[in-house]
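Chemist: One predicted model, sequence on top.
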Amino acid sequence: MVQPSDPVRNLQLNAYQSQYTLPTDYRDTTTGVTYPRGTSIICDNLNTRLSVDLTWDGTINMVGARLVGRDTGATRTVYSSSLGDLYSARPSTFEFVVGPNTAPLSMTRTGLSSQAIVVTPVNTFTVKGATFVDVQAQSSDGTVSNVVKSVQALPVADCTL
């Protein structure tokens, strides 16, 4: 007898973090938003590891992360491989890599906390825009969760370490 899956529901994005951070406060001249020192950024000219901490009810078989350009609306999406109807570890951390020019390369589930990313302040940077991180999960029966959107866009910059 085949066991029915426990469909995913109530997906929540608890935290998201990049391996790179701003070395000083930065005022975005496009929006007027001030990003404080230590804000996570995506380095557009380097591979950048991002982590997302998620919780959910039911099971998930796949997680998708979509990067949405704040100013352009352009998107890039990456999906995990099959996770085998995984229950939430409250929270569960997933990491993915954003390649140069914001092209996602891979996504994996880790058993690590978000502190596992070694945070590296950049020395110089030129902010080019900002990107929101949207996350959605799917159960093996095809049920998809709600789309969870990040509260604040991460600055995208050319960086020098």
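Modeler: Arrived safely.
Chemist: could you point out which element follows the lengthiest strand in the chain?
Modeler: Longest strand in the chain by number of residues (criterion: DSSP state E): strand 124-138. Note on strand 124-138: by DSSP states H and E, the next helix or strand toward the C-terminus is strand 148-149.
Chemist: elements contacting that following strand?
Modeler: Judged by 3 or more C-beta pairs under 8 Å, 6 or more residues apart in numbering; DSSP states H and E, the packing partners of strand 148-149 are strand 9-18, strand 124-138. Bear in mind the C-beta positions are built from the backbone N, C-alpha and C, glycine included.
Chemist: Give the other helices and strands that the longest strand of the chain contacts.
Modeler: On a contact count with 3+ C-beta pairs under 8 Å, 6+ apart, strand 124-138 meets strand 9-18, strand 40-43, strand 48-57, strand 62-69, strand 148-149, strand 154-160.
Chemist: Quickly run through the sheet partners of the second one, with directions.
Modeler: Using DSSP bridges, the strands paired with strand 40-43 are strand 20-21 (antiparallel), strand 154-160 (parallel).
Chemist: Using TSV, please lay out these together with mean pLDDT.
Modeler: Below are the strands paired with strand 40-43 laid out as TSV (pLDDT from 0 to 100):
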stretch	mean pLDDT
strand 20-21	91
strand 154-160	87
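Chemist: Let's have those in a markdown table, adding mean neighbour count.
Modeler: Below are the strands paired with strand 40-43 laid out as a markdown table (neighbours: other C-beta atoms under 10 Å):
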| stretch | mean neighbour count |
| --- | --- |
| strand 20-21 | 22 |
| strand 154-160 | 21 |
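Chemist: Quick one: those strands as CSV, columns for distance to Leu50 too.
Modeler: As requested, the strands paired with strand 40-43 are arranged in CSV below (distance: least, C-beta to C-beta, whole Å):
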stretch, distance to Leu50
strand 20-21, 10
strand 154-160, 8
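Chemist: To Asn123, which of those strands lies closest?
Modeler: Among the strands paired with strand 40-43, strand 154-160 comes nearest to Asn123, with 5.1 Å by C-beta to C-beta.
Chemist: roughly how far is the closest one from the heart of the chain?
Modeler: 15 Å (C-alpha atoms, centre = their mean, to the nearest Å).
Chemist: Dihedrals phi and psi, Pro100?
Modeler: Here is the backbone geometry of Pro100 (degrees, to the nearest 10): phi -50, psi 140.
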